[in-house]
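1. show me the folded form of this:
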Amino acid sequence: MNEYLIIVQGNNKVDHTEEEMQARVAKYNKWADELGEKHVAAQRLKRVGRYLKSRDEIFSDGPFLESKELVVGFAWIKAKDIEEALEMTKQCPLAESHELQLREIVI
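-> Alright, predicted model coming up:
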């Protein structure tokens with residue numbers, strides 16, 4: 001079984017009312033439950049942070065609310081190959097509101 005990271009990129013168009021956030025979380029939890037042991041972990045990330053271009057170039061222009069390229073979270077899944085991981089990712093409810101990247105984890 002291979003391991004993959006679903007990288008969730010920000011989206012300024014997502015509204016953030018408490019009800020909408022809870023609905024998205026509920027959909028995600030249902031998807032994760034259906035994956036069972038193939039869902040390893042997931043976490044949201046704060047929108048405030050630091051960007052290091054190099055050791056000497058540190059930028060702190062957050063919060064990054066306007067940046068759709070910002071990584072806002074991730075999901076870690078297991079699949080037999082990239083095609084199975086892609087099908088799992090397509091079913092992820094976060095695909096309805098965010099751009100997702102699928103990357104294999106090198107172990």
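2. least trustworthy helix or strand in this protein by mean pLDDT?
-> strand 57-59 (a mean of 69; mean pLDDT, DSSP states H and E).
3. next SSE downstream of that one?
-> Beyond strand 57-59 in the direction of the C-terminus, DSSP states H and E gives the next helix or strand as strand 71-79.
4. right, and the helix or strand after that following strand?
-> Counting by DSSP H and E, what follows strand 71-79 is helix 82-90.
5. ok, residues contacting that next one?
-> Applying Cβ atoms under 8 Å, 6 or more residues apart in numbering, the set of residues contacting helix 82-90 from outside is Asn2, Tyr4, Ile6, Leu35, Lys38, Ile77, Ala79, Ala95, Leu100, Leu102, Glu104. For every residue, glycine as well, the C-beta is placed using N, CA and C.
6. which residues does the first one contact?
-> What that stands for is Asn2. By Cβ under 8 Å, 6+ apart, Asn2 lies in contact with Lys78, Ala79, Lys80, Asp81, Ile82, Ala85, Glu104, Ile105.
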